[in-house]
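[1] predicted model, plus sequence, below.
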6 protein chains.
Amino acid sequence: MEANLDDQAGEGLGYVMTQLLAAGAYDVYFTSIQMKKNRPAIKLSVLSAPSDRLALTKLILAETSTIGVRYQTWHRTIMRRHFVTATTPYGPVKIKVATYDGIIKKTPEYADCASLARIQQVPLMMVYQAALAALEQLDEEG
Amino acid sequence: MEANLDDQAGEGLGYVMTQLLAAGAYDVYFTSIQMKKNRPAIKLSVLSAPSDRLALTKLILAETSTIGVRYQTWHRTIMRRHFVTATTPYGPVKIKVATYDGIIKKTPEYADCASLARIQQVPLMMVYQAALAALEQLDEEG
Amino acid sequence: MEANLDDQAGEGLGYVMTQLLAAGAYDVYFTSIQMKKNRPAIKLSVLSAPSDRLALTKLILAETSTIGVRYQTWHRTIMRRHFVTATTPYGPVKIKVATYDGIIKKTPEYADCASLARIQQVPLMMVYQAALAALEQLDEEG
Amino acid sequence: MEANLDDQAGEGLGYVMTQLLAAGAYDVYFTSIQMKKNRPAIKLSVLSAPSDRLALTKLILAETSTIGVRYQTWHRTIMRRHFVTATTPYGPVKIKVATYDGIIKKTPEYADCASLARIQQVPLMMVYQAALAALEQLDEEG
Amino acid sequence: MEANLDDQAGEGLGYVMTQLLAAGAYDVYFTSIQMKKNRPAIKLSVLSAPSDRLALTKLILAETSTIGVRYQTWHRTIMRRHFVTATTPYGPVKIKVATYDGIIKKTPEYADCASLARIQQVPLMMVYQAALAALEQLDEEG
Amino acid sequence: MEANLDDQAGEGLGYVMTQLLAAGAYDVYFTSIQMKKNRPAIKLSVLSAPSDRLALTKLILAETSTIGVRYQTWHRTIMRRHFVTATTPYGPVKIKVATYDGIIKKTPEYADCASLARIQQVPLMMVYQAALAALEQLDEEG
Ligand code: NI
Ligand code: NI
Ligand code: NI
Ligand code: NI
Ligand code: NI
Ligand code: NI
Ligand code: NI
Ligand code: NI
Ligand code: NI
Ligand code: NI
Ligand code: NI
Ligand code: NI
């Protein structure tokens, strides 16, 4: 789903992003664009389940200045995911294990690292690197 | 309709935007992108009626450096619109009333506010705020 | 204060913004830039009081991947501000009144409008427009 | 001169650009930035003579939502310029000849090429290329 | 093909671009976007033949932090191309001649101009302008 | 050092970046900006030693379409750096150790990881994560 917004201040857009995510959008993002009459503008993009499209469209029309929303269907290739826990010197961190056709990727959850960093008063980077080191210790299976 | 342009100066793109709008495009906008070989580039996007696609494609191929244009069909949800007039201390301002499934939005026309601001030698913001105040006085029906 | 970051994921940058604002920065913003070797990157900009510069520099060096921060002194022209309260059908909204050399600007506080919109379950735009209409009623003096 | 704007719609910014250029600014440009609270925003930059700074600052404060403008002094290295006329199959085109310490650059004026393209109903690129070919015929002196 | 990347540093993205082009993508480009939680991010876009889609998807999943890739089919209008050679004072330059339904465009190859500029130790702009002048001499047929 | 470029194609800018880096610039980056007359444009930024400023200015004036370059002096806070080597299952990787006033950061060199990834035919991310795990084993001193 997409809408071009040239008559909306940025402050309102931060609010709309929060609302769209709360209403079930998978993802919401802004792209800076340049429209006619020397107007800098924002393209609002929303990724959602087809069944949420109508409700999210109404939310965009009610909350933003746009009078039109355009949409399209995308196909998606998504990796399978599950979570394991790694132990770092700062505490436990959830690790997302994503797999697809022989590819295995493990990434520490930022939210976990960030909350440990806040509690332990250390830089987030240190927690994140420790989590990466710890997940190397985990067996392939995850 | 979209084309990526890495071998076209910005000056020429301002000219193309004007021409595409004159030729009937609904909307034309630029997105800054980053292409191979460290090249900053521009993605040109054009929204138009399907019946104008061929003529606008030829215009892009003739006026820009690209040798290819790609396109896709979008579905659109559009609010119904009509106009009413609000009276401000600076003069009359046209108000766009947009409605869709119970949603009603009223927005002052920028062009009207801007021309009043120029004539009355006041900041555009003051005229715009006055127009917003005046439209609050209008009945729901518009 | 500025730093170019080409070896830092966006997730970490959202965290840093929050920390810099908590540590007293006036303003923090990101600009997308394009660096060598086809790398999209982010320029982190921080506006602060001169007395906070050292602490904020250390925070950036500790929390981001950059190994250098550059800085400069800016002069500023700032409008004088005070706040008044306007009454809308949705509740009271704080209005920021900014003045400088004969210029008077009044703007509703977004945070107030947003919290009323949430409580009253109406679009933020309606509250904001109502606040603008209400502030037109206030006397010049504010 | 710079100001960050997160509470101003793009429509108003196109208007401000026109006004600042009319008021004597050398150059006005917008940069898309990302501010706190998920707000997309615009940084307005104005290059001007020091003697115009105060008037342009007041124009920004009056016409935009910002309550502060920051500024700095830049040094500049500028090429010397003069104009010659080249003859193309489509009509005469002004050529800007810029020189500095042994460097000579010649560039056709876009405005001239664009008006010939409109009159002759040919693509701007053809006129521009013809002008470049014609200027190769001009002697080094210009 | 598209993927949004908010947990990948720019350094890794330059590497991925090179790999995708080597694996047969027609074009690869980055767009700066703004995601939730104040995260600046990059949208990776890949244009390819349908037959390469699966291999390129696997490459993206293996080499980047994303766990999902979305895709769509575009229609394309492409100009027919052939190459001729123009003679400049700096050496021969390949000229791309693109044609479509009466439109003819000729553009010097940047790579050729750049290598002559390096060999002859002159600015690239001078070689490029000389090539444009030389191609005006070529007959319409190219 | 900065210059705004609205009459230069992206292809030429990739070339200029390479040349400026070869001529000794510390860093070169592009920012997308929006100039008058609906022109998308690029701001070229160059960071360099003061002693290289004149030569780099001449290079910009000779190689780009701009007729003016502006510059300013920045102060910089730079971390002290040295390198150590970590051993990963894929081979040795150089680790940059940066220190400043009690802050210690260790980051694997991307170039090293990338060349191991190419040789071993594994994703760059796996080599990078292995390098991060290996550097956790190094003693604080580096
Ligand atoms: Ni509008
Ligand atoms: Ni597992
Ligand atoms: Ni090209
Ligand atoms: Ni009505
Ligand atoms: Ni680096
Ligand atoms: Ni007051
Ligand atoms: Ni604000
Ligand atoms: Ni002359
Ligand atoms: Ni993530
Ligand atoms: Ni031919
Ligand atoms: Ni120009
Ligand atoms: Ni050491």
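    Yep, that arrived. Numbers count the residues shown, from 1 in each chain, chains lettered A, B, ... in the order given. Ligands and ions are numbered 1, 2, ... in the order given.

[2] is there proximity between whichever strand or helix holds residue A:12 and chain F?
    Taking DSSP states H and E as the definition, residue A:12 sits inside helix A:10-22. No - Helix A:10-22 is not in contact with chain F by Cβ under 8 Å from any Cβ of the partner chain; minimum separation 15.2 Å. The way it works is simple: take the backbone N, C-alpha and C, and place the C-beta from them, glycine included.

[3] hmm, who's touching that helix?
    Residues outside helix A:10-22 that contact it (Cβ atoms under 8 Å, 6 or more residues apart in numbering or on different chains) are A:5, A:28, A:30, A:42, A:44, A:46, A:56, A:59-60, A:63-64, C:110, C:114, C:117, C:124-125, C:128, D:5-8, D:35, D:37-42, E:36.

[4] flag every residue of chain A that's near chain D.
    Near chain D, when you scan chain A using Cβ under 8 Å from any Cβ, you find A:5-11, A:13-14, A:17-18, A:30, A:32, A:35, A:37-42, A:65.

[5] report how many residues lie close to the closest residue to residue A:73 other than its chain neighbours.
    Spatial nearest neighbour of residue A:73, excluding adjacent residues (Cβ to Cβ, 6 or more residues apart in numbering or on different chains): residue A:50 at 7.2 Å. Residue A:50: 8 surrounding residues under other Cβ atoms under 10 Å in any protein chain shown.

[6] circling back to that earlier point, strands - which of the contacts of helix A:10-22 land there?
    Those of the contacts of helix A:10-22 mapping onto strands are A:5, A:28, A:30, A:42, A:44, A:46, D:5, D:35, D:39, D:40, D:41, D:42, per DSSP state E.

[7] next one, pLDDT for the residue nearest the centre of chain A please.
    With distances taken as Cα atoms, centre = their mean, the residue of chain A nearest its centroid is residue A:27 (5.5 Å). Per-residue confidence (pLDDT) for residue A:27: 92.

[8] wait, it sits on residue A:56?
    No - using Cβ atoms under 8 Å, residue A:27 makes no contact with residue A:56, being 11.6 Å away.

[9] between all of the ones in strands among the contacts of helix A:10-22, which two are separated the most?
    A:46 and D:5 (24.5 Å; Cβ to Cβ).

[10] measure whatever residue of chain A ends up closest to ligand 10 to chain B for me?
    Relative to ligand 10, the nearest point of chain A is residue A:34 (36.2 Å; Cβ to the ion). Using Cβ to the nearest Cβ, to the nearest Å, residue A:34 is found at 4 Å from chain B.

[11] now do the closest residue in space to that residue that isn't next to it in sequence against residue C:80, distance only.
    Excluding the flanking residues, the one nearest residue A:34 by Cβ to Cβ, 6+ apart is residue B:30, at 4.3 Å. Taking Cβ to Cβ, to the nearest Å as the measure, residue B:30 falls 39 Å from residue C:80.

[12] higher neighbour count, these two?
    residue B:30 (24 against 10).

[13] list the contacts of the closest residue to ligand 8 within chain A.
    Distances between chain A and ligand 8 by Cβ to the ion are smallest at residue A:38, namely 33.5 Å. The contact partners of residue A:38, by Cβ under 8 Å, 6+ apart, come to D:13, D:14, D:17, D:18, F:34, F:36, F:37, F:38.

[14] can you rerun that using 6 Å?
    By Cβ atoms under 6 Å, 6 or more residues apart in numbering or on different chains, the residues touching residue A:38 are D:14, D:17, F:38.

[15] now, among the residues you listed, which is nearest to residue B:94?
    Nearest to residue B:94 among the contacts of residue A:38: residue D:14, at 18.3 Å, using Cβ to Cβ.

[16] what's the nearest residue to the closest one if we skip its chain neighbours?
    residue A:38 (3.9 Å).

[17] backbone phi and psi for the one you found, please?
    For residue A:38, the backbone dihedrals (degrees, to the nearest 10) come out as phi 60, psi 30.

[18] and it, how far from chain C?
    20 Å.

[19] next one: residue A:105
    In terms of Cβ to the nearest Cβ, residue A:105 sits 14 Å off from chain C.

[20] same thing with residue A:72?
    With Cβ to the nearest Cβ as the criterion, residue A:72 and chain C are 25 Å apart.
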